[in-house]
Each structure stands twice: as structure tokens, then as C-alpha cells.
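**Student:** give me a model of this one.
(one chain, ligands or ions: 1)
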Amino acid sequence: MAELLEMKEAIVSYLDRSGGLLQFVDDCKLYNDSAQSEAVYRFCIRVNPTDLIELDARLADCLLHDPFKATALFQSVCFLSIKTLSLIEKIHTENQVNVVLKLTHLPPFPEYFLDLCKFPRGYGPMRPVAMEGLTIAMTRITKYTQGARFLCTDDKCPFSRGFHHIRVHSPGATESVTVRGGFTCALCSAPLKEDVKFRVLGDKQLVEMVPAQALDVLSVHPPCSFRYQSVTLFLRDELCNSMRMGRLYRVVGIPAHVHQWPNITWSVEANTVEPWTPEYPSLVSSNFQALLAASACSTWRFSAILANTFGSPVIPPGLYSTLKLALLLSLVQTSEDDPDSLNYLDVFALTNDTLIIERG
Ligand SMILES: [Zn+2]
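**Tutor:** So this is what the prediction gives:
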């Protein structure tokens with residue numbers, strides 16, 4: 001108990017020093033100025049794990065290895081601050097405070113990095129890890145339930161009023177974990193009913209990311225067959241539209257097993273997303289340099305050899321050479337220095353065998 005109190009004191013001290021408290025007070029003002037009463041009040045708090053380690057190593061360890069417990073501690077501190085400083089008059093219970101901790105980075109040690117090529121991935125406790133990869137697909141933005149208010153159906157129970165049963169989304173939870181029937185009152189065990197007019201909706205976007213090594217087409221790979229498995233990222237609220245197709249990103253996220261009966265899928269709830277440039281860009285192998293030297297007698301010979309063999313595990317050499325050449329040129333063009341340039345080469349292909357083109 002004393003340890004929890006010390007960690008909460010460390011949170012107050014951290015928020016004060018980092019400027020997080022001022023931001024929090026500003027966020028509260030927005031809610032206080034609004035005439036509308038909410039079931040859930042959401043706050044994003046940026047946390048720098050390195051600064052936190054210097055302040056209280058136990059708290060930093062909790063943040064990195066048991067983020068749900070750390071979030072609960074921050075939630076408690078935020079509620080106390082709201083009440084002590086009278087920041088939001090309309091808030092009644094601690095459950096109504098939904099805190100999302102945004103990690104600025106993770107310590108640069110191997111246990112905090114998830115190699116997307118490694119298998120099995122994601123076994124173990126749910127904790128934040130960093131991963132790097134390329135965006136290959138994304139969905140449109142849809143809605144999800146950020147939070148909901150439930151009331152006890154027994155009129156005599158005190159929990160049939162007020163804001164005692166508040167459910168908020170947590171990483172790895174599906175929609176039916178946050179809102180569905182079948183919940184019972186913690187006080188009298190009577191069934192709960194959702195107060196639908198207080199449901200809070202947020203934005204959600206799904207993104208498929210593959211390991212960045214999938215781009216390494218100019219390296220000489222071992223002759224064994226291999227493939228890259230993509231991973232599904234959940235981007236929520238302020239993270240929606242933070243990723244673009246074909247770009248490389250470093251993502252800090254919490255891997256989770258998502259149960260959607262009868263399947264269990266492994267996906268990642270993104271926490272922070274930032275553009276990433278590989279530290280060591282792909283080097284052209286000595287074999288390719290030798291090939292370039294040997295074919296230097298003709299302007300097109302090197303390009304023709306590359307186009308002929310490009311994508312040979314998918315489309316056999318010799319087929320669709322012009323299309324392959326166009327795709328190669330497109331790859332060269334999209335590796336420009338300017339990250340905002342969108343000068344992709346549009347390719348229009350006509351064929352009677354669309355399957356092989358789609359695979360290419
Ligand atoms: Zn009840």
C-alpha cells in the first residue's frame with residue numbers, strides 16, 4: 001500500500017516536472033467549458049520512460065511491464081487532481097477518467113524490440129514493444145466504443161444511478177468486451193443495462209504492416225523458400241491517418257491476442273507511430289556490382305537482366321518483362337529523399353491472366 005502511494009506521489013512529481021500537469025489542466029478546461037455531460041473523459045498523457053526511471057524506477061518498471069497497472073495509477077492521480085483542483089465539476093467517479101499513456105520511446109534493449117520475422121511472436125505478458133515495418137494495406141476509418149455507462153436494473157440499488165459501472169476500451173479488447181449484455185452489478189449481482197445515450201464513440205483504423213526486410217529485393221537470399229507475414233495494427237483516435245501506404249514506420253504497441261470466436265488472432269494495439277528511416281540502407285551486393293560491370297557494354301543490358309529475373313518466385317523469368325521493368329522503375333522512383341513526394345509511377349497493365357499480374 002505504501003509502495004502504491006509512493007508511486008502515485010512520483011506520478012504527481014513527474015506530471016509537474018514534465019509539463020504534463022499543465023496539459024492535463026488545459027484538457028480539463030475543454031471538458032468543463034462544454035455544456036454536455038459525458039460518461040467518460042479521455043486524457044492522453046505523454047510519458048518518457050527514461051525520465052520516469054530517474055524519478056522512480058518501480059514506476060518505470062510498472063509502465064514498461066504492466067502498463068494496465070500503470071494506467072490505473074495515473075487514472076487515480078488524475079481523478080484526485082480533478083477533485084482537488086476542481087477541474088471538472090461534472091465528473092463523479094474515478095471510473096469516468098479514461099487515461100491513455102503515450103510512450104515517447106522504449107529503452108534501446110533487445111527485449112523491447114519485436115522482430116516481425118521471428119516466430120512465435122507475442123507470447124508472454126502484454127507489454128509495449130517497438131517494431132519496424134512497411135505499410136502495405138489499410139482500412140477506412142470506422143467507429144468503435146471508447147466507453148459506455150451501465151446501470152443496475154434493480155431500482156433499489158444505489159448503482160442504478162450515477163457513474164459506477166463504466167466500461168472503457170483497453171488494448172486487445174473487442175467491441176463485445178466493452179459493450180454487450182450479460183454484465184452484472186458489482187453490488188447486488190442484478191443484470192446491468194447500458195445507458196445508450198452516454199455511449200462514447202472513437203475512431204479506429206486497421207493497418208497491415210510487413211517487416212522492412214521484404215523491401216530488400218537486391219540482396220541475395222538463401223535458396224530456401226520463405227515468406228513475410230504481415231501483422232495487423234489497430235490505430236485509434238488521434239493515431240488514425242498517421243500512417244500512409246508504402247511508408248516505413250517505427251511503432252510502439254502492445255501485442256494482444258484478440259478473441260473473435262472461433263478464432264484467436266494476434267494483432268498489435270498501436271501506442272505511438274513515427275516515420276522511420278533504416279539506419280543502414282540496403283547495400284547492393286557484390287554479385288550485382290559484378291553483373292553491372294559485366295553488362296556495362298550496353299545501356300539496357302543490365303536493366304533487361306534485372307527485369308527478366310525480377311519477382312522470379314512469383315512470375316517466371318521471361319514473362320511480362322516490360323511490366324517488370326516498369327515496376328522496377330517505380331521502385332527506384334519511390335525511394336526519393338523527399339518523404340512527402342508522391343510521384344509514383346502509375347502502371348496500367350492489360351492481360352488475359354489477371355491472377356498472375358495481381359500476384360506480381
Ligand atoms: Zn445493483
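
**Student:** the closest residue to residue 303 other than its chain neighbours sits in which helix or strand?
**Tutor:** Nearest non-adjacent residue to residue 303, counting by CB to CB, 6 or more residues apart in numbering: residue 325, 6.4 Å away. All C-beta spots, glycine's among them, are computed from the backbone N, C-alpha and C. Using DSSP states H and E, residue 325 sits within helix 321-333.

**Student:** any buried residues in that helix, and which?
**Tutor:** Neighbour-count burial for helix 321-333 flags 323, 324, 325, 326, 327, 328 (criterion: 16 or more other CB atoms under 10 Å).

**Student:** wait, doesn't the fifth one sit right on residue 347?
**Tutor:** Yes: under the criterion of CB atoms under 8 Å, residue 327 makes contact with residue 347 at 6.6 Å.

**Student:** just the CA coordinates for stretch 36-54, please, in PDB.
**Tutor:** Taking Å, rounded to 0.1, in the frame of the first residue of the first chain, the C-alpha atoms of stretch 36-54 are listed here in PDB:
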ATOM      1  CA  GLN A  36     -22.500  18.300 -22.400                       C
ATOM      2  CA  SER A  37     -22.100  15.800 -19.600                       C
ATOM      3  CA  GLU A  38     -20.000  12.800 -20.600                       C
ATOM      4  CA  ALA A  39     -19.800   9.300 -19.200                       C
ATOM      5  CA  VAL A  40     -16.100   9.000 -19.900                       C
ATOM      6  CA  TYR A  41     -13.400  11.700 -20.000                       C
ATOM      7  CA  ARG A  42     -10.400  10.700 -22.100                       C
ATOM      8  CA  PHE A  43      -6.900  12.100 -21.500                       C
ATOM      9  CA  CYS A  44      -3.700  11.300 -23.400                       C
ATOM     10  CA  ILE A  45      -0.600  11.700 -21.300                       C
ATOM     11  CA  ARG A  46       2.800  11.600 -22.900                       C
ATOM     12  CA  VAL A  47       5.300   9.600 -20.800                       C
ATOM     13  CA  ASN A  48       9.100   9.500 -21.200                       C
ATOM     14  CA  PRO A  49      10.200   6.200 -19.700                       C
ATOM     15  CA  THR A  50      13.800   7.400 -19.300                       C
ATOM     16  CA  ASP A  51      12.700  10.400 -17.200                       C
ATOM     17  CA  LEU A  52      10.400   8.200 -15.200                       C
ATOM     18  CA  ILE A  53      13.300   5.700 -14.400                       C
ATOM     19  CA  GLU A  54      15.300   8.600 -12.900                       C
END
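
**Student:** list phi and psi for the closest residue to the ion within the stretch 201-350 of the chain.
**Tutor:** Proximity of the stretch 201-350 of the chain to the ion (CB to the ion) peaks at residue 201, 26.3 Å away. Per-residue torsions, residue 201: phi -100, psi 150 (degrees, to the nearest 10).

**Student:** equivalent analysis for residue 179, please.
**Tutor:** When read as degrees, to the nearest 10, the backbone of residue 179 gives phi -130, psi 120.

**Student:** before we move on, what about residue 191?
**Tutor:** phi -60, psi 150.

**Student:** quick one, what contacts the closest residue in space to it that isn't next to it in sequence?
**Tutor:** Spatial nearest neighbour of residue 191, chain neighbours left out: residue 153 (5.2 Å); criterion: CB to CB, 6+ apart. Residue 153 makes contact with 160, 185, 190, 191, 192, 193, according to CB atoms under 8 Å, 6 or more residues apart in numbering.

**Student:** kind regards, and thank you for your time.
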